[in-house]
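Novice: Curious how this folds, go ahead:
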Amino acid sequence: MPHPHADGAGPRVTPWRREWLSASLGCAVADTIFNPLEVLKVRRQVAMGSVSGSAPVPASTLALARAAIRDSGVWRGLWHPGLEATVYRAFTYTGFRIGSYPAVRDAIVNTGAFGGGDAVAARVAAGAATGAIGSALFNPIDVVRIRMQGPAPYESTLVAFATIARREGVAGLWRGWGACVARAATLSGAQLATYDTAKRRLRSDDPSSAFKEGPLLHFTASLASGVVAQTVTQPADTIKTLVMASKTDGLGTSLKKKNVKGAWATARALVAKSGPAALYRGFWPAAARQGPVMVIQMPIVEQFRKAMGLEYF
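Specialist: Prediction:
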């Protein structure tokens, strides 16, 4: 495929940068639309998952939404919290993990380590790798986003970055990175592998087929990937939120003390207090977000890819 600027007119943009940009734009649109569901998921996880018992437990996600709207209105109560950080995250972590996936997938497939070109394991490995690397690099944005979406946000996104670094040290911005990487690896591996595999298995070269390359195929593969991904990743997502959300270790211990525990300690304490089902708290708002996000996100990413001269995913 000829490069769009092969004639020398205008700036040259490498395919990888176009992959990243097309993914970032699609993710920014989808994540902005569904930010209220992410806010509800985070707040419910924080309230119901608090093993210290200090947070009030909402009767339901709907009750939490009603309280937010009553207190601050739809925009300030549900849409605005963490929205700026959500867009930053789309253009960094999410854009990176989705935009880098095709190149990493093809490189892994070419090694033959996981079998032939249709090997699902190769796609899981590629998605897990880009998700893990992206989350490790851009962990500070996730910390700030969760703090801004929680019940007591900072004055602004930039204030959040500065305050966390000042009060908790620069390492505070990488707080919970282990849980974040685990969550990103499981999410990205399940999500992208399911989308890629479902699309390849369903796609037909018959122009009259309902599953020829196009919106219906993208929609169907996206819906399947969203359901699978959120089911697989919910436990890691819950622990990630608890570790990043508060200024304690998730067990009620102040960060100013030296015995700050990690994600595994938080997980053990949560399960001991409320049972394994506690790891799936916030699942319904998360699933209600993840399915529709993928249904909108990946088809939009596909169209941005096409507009930028790239092949479909």
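
Novice: R66: how many residues sit nearby?
Specialist: Neighbour count for R66, taken as other CB atoms under 10 Å: 14. Just so you know, the C-beta spots here come from the backbone N, C-alpha and C atoms, and that holds for glycine as well.

Novice: ok, L137 - how many residues close by?
Specialist: 13.

Novice: Sorry, wrong one. I was asking about L40.
Specialist: The tally of other residues near L40 (other CB under 10 Å) stands at 24.

Novice: Next one: T231 from H80, what distance?
Specialist: Between T231 and H80 the distance, using CB to CB, to the nearest Å, works out to 29 Å.

Novice: nope, A65 is what I meant
Specialist: Counting by CB to CB - A65 and H80 are separated by 14 Å.

Novice: So for those two, which sits in the more crowded spot?
Specialist: A65 (21 against 18).

Novice: That one: what's it in contact with?
Specialist: P36, L40, L78 (CB atoms under 8 Å, 6 or more residues apart in numbering).

Novice: where does it land on pLDDT?
Specialist: Looking at A65, its pLDDT stands at 91.

Novice: hmm, back to that, now flag whichever of the contacts of A65 is closest to A179.
Specialist: For the contacts of A65, the minimum distance to A179 (CB to CB) is 20.1 Å, reached by L40.

Novice: and the nearest residue to the closest one once chain neighbours are set aside, how many residues sit next to it?
Specialist: Nearest residue to L40 in three dimensions, chain neighbours excluded: P285, at 4.5 Å (CB to CB, 6 or more residues apart in numbering). Burial of P285 is recorded as 23 neighbouring residues (other CB under 10 Å).

Novice: contacting residues around P285?
Specialist: L37, L40, K41, R44, T61 are the contacts of P285 under CB under 8 Å, 6+ apart.

Novice: swap in V74?
Specialist: Contacts here follow CB under 8 Å, 6+ apart; on that basis V74 touches P36.

Novice: Quick check: phi and psi at it.
Specialist: When quoted as degrees, to the nearest 10, the phi and psi of V74 stand at phi -70, psi -50.

Novice: begin at 49 from here
Specialist: In the new numbering, first residue 49, that becomes V122.

Novice: Not counting residues beside it along the chain, what's closest to L73?
Specialist: Using CB to CB, 6+ apart, the closest residue to L73 is F352 (5.0 Å).

Novice: host element of that neighbour?
Specialist: Using DSSP states H and E, F352 maps to helix 331-355.

Novice: how about the helices in the stretch 49-198 of the chain?
Specialist: Assigned by DSSP state H, counting those that start in this stretch, the stretch 49-198 of the chain shows helices spanning 63-81, 83-97, 109-122, 131-137, 143-159, 168-185, 187-197.

Novice: A284 is nearest to which of the ones you listed?
Specialist: Of the helices of the stretch 49-198 of the chain, nearest to A284 by CB to CB is helix 168-185, at 10.6 Å.

Novice: other SSEs contacting the closest one?
Specialist: helix 143-159, helix 225-250 (3 or more CB pairs under 8 Å, 6 or more residues apart in numbering; DSSP states H and E).

Novice: Quick check: buried residues in it?
Specialist: By 16 or more other CB atoms under 10 Å, the buried positions in helix 168-185 come out as 170-184.

Novice: got the contacts of P333 as JSON lines, with pLDDT and distance to A213 columns?
Specialist: Formatted as JSON lines, those follow (pLDDT from 0 to 100; distance: CB to CB, whole Å):
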{"residue": "L85", "pLDDT": "88", "distance to A213": "29"}
{"residue": "L88", "pLDDT": "90", "distance to A213": "28"}
{"residue": "K89", "pLDDT": "86", "distance to A213": "26"}
{"residue": "R92", "pLDDT": "83", "distance to A213": "28"}
{"residue": "T109", "pLDDT": "81", "distance to A213": "32"}
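
Novice: can you pick the most crowded of those?
Specialist: Highest neighbour count within these, by other CB under 10 Å: K89, with 28 neighbours.

Novice: That residue against R329, yeah?
Specialist: No - at 9.4 Å, K89 does not count as touching R329 under the criterion of CB atoms under 8 Å.

Novice: From A320, how far off is T178?
Specialist: Distance of T178 to A320, given as CB to CB: 34 Å.

Novice: Would you mind listing the residues in contact with the closest residue to S236 other than its chain neighbours?
Specialist: Once flanking residues are discounted, S236 sits nearest to G179: 2.6 Å by CB to CB, 6+ apart. Contacts here follow CB under 8 Å, 6+ apart; on that basis G179 touches R145, A232, A233, T234, L235, S236, G237.

Novice: again, 10 Å this time
Specialist: G179 sits next to 141-142, 144-146, 148-149, 228-240, 281 when contact means CB atoms under 10 Å, 6 or more residues apart in numbering.

Novice: Ok, R137 next?
Specialist: R137 makes contact with S72, C75, A76, D79, G130, G143, G182, F186, I189, D190, V192, R193, according to CB under 10 Å, 6+ apart.
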